[in-house]
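can't give you the sequence, but here's the structure:
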């Protein structure tokens, strides 16, 4: 009996030692490990992003804002039939296949909560709520919203589901626009998986991001997009681009690409619709580049406006290469060479230049490198190094072949002519702001590149193009306008040029003697007509006429003095009424605002 008692006591003692050792391990040695594990099981963290800053146009219109949105959240512990719930929700959300299967897998998981659908439209959120599914609740998040829908879409870009900028200004200025992120601690209810904020640990609300104040005017943008869409559809073009700059400092007033997209629902559009063609595309400019050749010969002092050139009656033989004109010309002054856009005349003028001098002017006007605009994805164009030029390179480049430019580069070069010979860096964001305070951004200093004498000759030459040359359809009654047409064959893969694919363009300055706008219109592969004079010039005139009226720019008084005739379509440019009276109809009329608000 005594022996049994001893054994029993010994066993109990051993058991107590084992239990004690285990308790010591759990409560002392591994205390912190198990506390951390308990915390992980009972609590969670959620990162709450602050609202992104608002993007305003130059007049304070809201182009991109952050709004509250509801997100549907699933609590898998409370969902008895994930397959049925996934099917019902999918029917409301309009999803099927793999997306529905993915939702079912999430609802079948052992997690405390899963996302069902993020940042829903109010009507969709209400329809999900009306399903009355136990185990689905709603959380409030911040969603990016673009009130004018397609307006300025490629420039603004868009933000993803986690409020990260994915393209355009939203991407370029993401670190500035994005709000701060606050981490909140949640307690999970063991019974139903519900989560509540753990106030014992405290939390701060996330800070909103900074606002962007743009140089772009939504009204000018609307005019540009409206007329561009009309031109692309009228001439059955693949795409089109408009760039409008303030020549004083190359601030972007409008930048349009067509086809376009709605950034509120960007995922349903193809990549081509989301491209900002004004900075991404690089094309051979054709005759619009003849302005650069003219700048080079004027700056070198080898050609004057009234110097005569024999244009060989239709073509010129350079070695084994024959270069034709669009029309046979004999003797032309240089101003006529430009007005009538003679390739032969321009080639002969370029032959008076050294290759080094010509190349230097091309580079000085900003070609072969990015402009430095504050937008992502800018192309540098193509300007082959001088050491690779052949004997024919100078001739081809003189009329815009063998060189590729972006629409923005070309517009900015004309802006340098308009402002007296200074090349500025184009820009879109003029200031940052927060809480009502606005802080202008510093601008790079312009670079002087052309002499006053060269500028005077170029302006006179460009005016002649519109008054009596290929650009007559770009004329705006009551205003002196200068510019240049371009019709360029597109290069083929593997070499040579297409016979049926062209780029039609026009770049101009208005008014040419007191510039307020520099505008480019470019249409890619128009089919009804291929000529810049017929395709791009009329669109330029329509855009610039409305824009000058909107800006309240008075007509050139020696050409035009009444708004009546000025506003009458087709009025002759040489009529001279006695006085000018501004129209009583303000261009910023209600119809325009309604169109903007409707996202037209």
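Cool, the structure landed. Nothing here was measured: the structure is a model prediction, and the numbers come from that model.

What mean pLDDT does the one helix or strand residue 127 maps to get?
Residue 127 is part of helix 122-130 when elements are defined by DSSP states H and E. The average pLDDT within helix 122-130 is 84.

who's in contact with it?
Applying C-beta atoms under 8 Å, 6 or more residues apart in numbering, the contact partners of helix 122-130 are 69-70, 72, 89, 92-93, 116-117, 120, 136, 138. All C-beta spots, glycine's among them, are computed from the backbone N, C-alpha and C.

What ranges does the stretch 351-500 of the chain have for its helices?
Assigned by DSSP state H, counting those that start in this stretch, the helices in the stretch 351-500 of the chain fall at 355-364, 393-398, 407-418, 452-468.

Look up phi and psi at residue 246.
phi -80, psi 110 (degrees, to the nearest 10).

count of residues packed around it?
A total of 21 residues lie near residue 246 under the criterion other C-beta atoms under 10 Å.

Report the contact partners of it.
The contact partners of residue 246, by C-beta under 8 Å, 6+ apart, come to 215, 252-253, 516-518.

domain ranges for the chain?
Following automatic domain parsing, the chain resolves into domains at 45-214, 218-597.

Of the ones you listed, which shows the lowest average pLDDT?
domain 45-214 (a mean of 81).

circling back to that earlier point, just checking, which of the contacts of helix 122-130 belong to helices?
89, 92-93 (DSSP state H).

Among the residues you listed, which one has the most neighbours?
Highest count within these by other C-beta under 10 Å belongs to residue 89, 23 neighbours.

What's the separation between it and residue 72?
According to C-beta to C-beta, to the nearest Å, residue 89 stands 7 Å off from residue 72.

same check, this time on residue 331
On the measure of C-beta to C-beta, residue 331 and residue 72 end up 77 Å apart.

Which residue, other than its chain neighbours, is closest to residue 471?
residue 465 (4.4 Å; C-beta to C-beta, 6 or more residues apart in numbering).

what does residue 482 give?
Ranked by C-beta to C-beta, 6+ apart and with sequence neighbours excluded, the top spatial neighbour of residue 482 is residue 462, at 3.1 Å.

what sits against the one you found?
291, 338, 417, 482-484, 508-509, 512.

Next: residue 544.
474, 476, 481, 508, 510, 517, 519.

ok, back up a step: can you tell me which of the contacts of helix 122-130 are in strands?
The members of those that map onto strands under DSSP state E are 69-70, 72, 116-117, 120, 136, 138.

Comparing residue 331 and residue 72, which shows the higher neighbour count?
residue 72 (24 against 10).

okay, now the closest residue to the more buried one other than its chain neighbours: neighbour count?
If the residues on either side of it in the chain are set aside, residue 72 comes closest to residue 116, at 3.9 Å by C-beta to C-beta, 6+ apart. Residues within reach of residue 116, counting by other C-beta under 10 Å, total 23.

could you measure residue 116 against residue 109, distance?
Residue 116 is 12 Å from residue 109, by C-beta to C-beta.

Equivalent analysis for residue 170, please.
Taking C-beta to C-beta, one finds residue 170 at 32 Å from residue 109.

Looking at the two, which has the bigger crowd around it?
residue 170 (27 against 12).

ok so, going back, ok, now which ones touch the residue nearest to residue 72?
71-74, 89, 103, 106-107, 128, 136.

Just want to check the distance between it and residue 139.
Using C-beta to C-beta, we find residue 116 at a distance of 10 Å from residue 139.

try residue 554
From residue 554 to residue 139 the distance is 56 Å (C-beta to C-beta).

Go through the contacts of residue 462 and name the one nearest residue 381.
Checking these against residue 381 with C-beta to C-beta, the nearest one is residue 291 at 15.7 Å.

Surely the closest one touches residue 485?
No. The pair residue 291 / residue 485 is not scored as a contact, 10.9 Å apart, by C-beta atoms under 8 Å.

These two: which is more packed in?
Comparing residue 291 with residue 485 by other C-beta under 10 Å, the one with more neighbours is residue 485, at 30 against 26.

Now the more buried one: closest residue in space that isn't a chain neighbour?
Once chain neighbours are set aside, the closest to residue 485 by C-beta to C-beta, 6+ apart is residue 532, at 3.9 Å.
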